[in-house]
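**Student:** structure for this input, please:
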Amino acid sequence: MKKIKRFLLPLMAAVLAMTSITGMTVRADGGKPRKVSIPKSTMRVMQGKEFKIKAKMTPRKSDDDYLRWQIVSGKKYVKFEDRDRDGDDMEFIAVKPGKAKIRCYVVGKNKKKYGDVITVTVKKRKADYSLKKVGSSTKYEEVYDDFDLEVKKGHSIKNSQLKWSIEDTSIVGFNSRRTTGDDVEFRAKKTGTTKITCTCTNSKAKTKQITYTIQVVPDDDFYDDDNDYDDYD
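**Tutor:** Numbers count the residues shown, from 1 in each chain. Next comes the predicted model:
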């Protein structure tokens, strides 16, 4: 019994010491902030961009779970990036040109007196009707393989305005029903060469078509591994 007590007493002392230290840390770093401030009073962002706003708490090491964010005005110009509303920083999306006011405040305190507001101006994005190919104009694909073709489009061109066509559908076919967009999937059906074209139907686009040459080559692994044709050489 004495041996057990000799073992337990130091262990209990160590646990109490750790609890005391942990408690001191919580009291030093946690707790409700007295107020919150946003370093900037204004900011400008481009339409369609995500942006972050960071707030400062007083005291600095307060618990940021007590902070809340709200869009005071201009909800049609900016929106929250997700459902989160807590913390000392928050992410937003600039939806359309205009001005919005965003507030960060301390829960349970007067929002105007102990919170802070920033004015966000969303600038109109310039029109972009550019259309470019991705990678080389000639692509080599093995027979029976699936592959993607992609174009890089400006934000002013809609995916529905990009239509793909195949010169010889006996060599290459679409791998799904989707034949529009900036990224479409195909399937190599037999060896040969054909062209695949992406046509832009937007009247303001300077480049109307992007064409890729597809060379479908034999599947060497299929012949070597499955049929063992090399054994007959």
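**Student:** could you use CA atoms for every contact and neighbour count after this?
**Tutor:** OK.
**Student:** lowest mean pLDDT among the helices and strands of this protein, which one is it?
**Tutor:** Taking mean pLDDT, DSSP states H and E as the measure, the helices and strands of the chain show their lowest mean at helix 2-29, namely a mean of 46.
**Student:** helix or strand right after it?
**Tutor:** Sequence order places strand 35-37 as the next helix or strand after helix 2-29, per DSSP states H and E.
**Student:** just how off-centre is that next one within its chain?
**Tutor:** Centre-to-centre, strand 35-37 and its host chain are 30 Å apart (CA atoms, centre = their mean, to the nearest Å).
**Student:** so what's the most centrally placed residue in the chain bridging to?
**Tutor:** With distances taken as CA atoms, centre = their mean, the chain has Glu50 as the residue nearest its mean C-alpha position (9.4 Å). Following DSSP bridges, Glu50 is listed with bridge partners Ile93.
**Student:** measure it to Ala94 for me?
**Tutor:** Going from Glu50 to Ala94 by CA to CA, to the nearest Å gives 6 Å.
**Student:** low pLDDT regions in the protein?
**Tutor:** Applying pLDDT under 70 to the chain flags the ranges 1-29, 221-233.
**Student:** as a check, name the ranges of all helices in it.
**Tutor:** Applying DSSP state H to the chain gives helices spanning 2-29, 111-114, 220-221.
**Student:** how many neighbours does the spatially closest residue to Thr138 that is not a sequence neighbour have?
**Tutor:** Distance criterion CA to CA, 6 or more residues apart in numbering; nearest residue to Thr138, sequence neighbours excluded, is Thr213 at 4.6 Å. Counted by other CA atoms under 10 Å, the residues lying close to Thr213 total 16.
**Student:** which residues touch Thr213?
**Tutor:** Ser137, Thr138, Lys139, Thr193, Thr194, Lys195, Ile196 (CA atoms under 8 Å, 6 or more residues apart in numbering).
**Student:** pick out the most distant pair among the residues you listed.
**Tutor:** Within these, two members stand farthest from each other by CA to CA: Ser137 and Thr193, at 12.9 Å.
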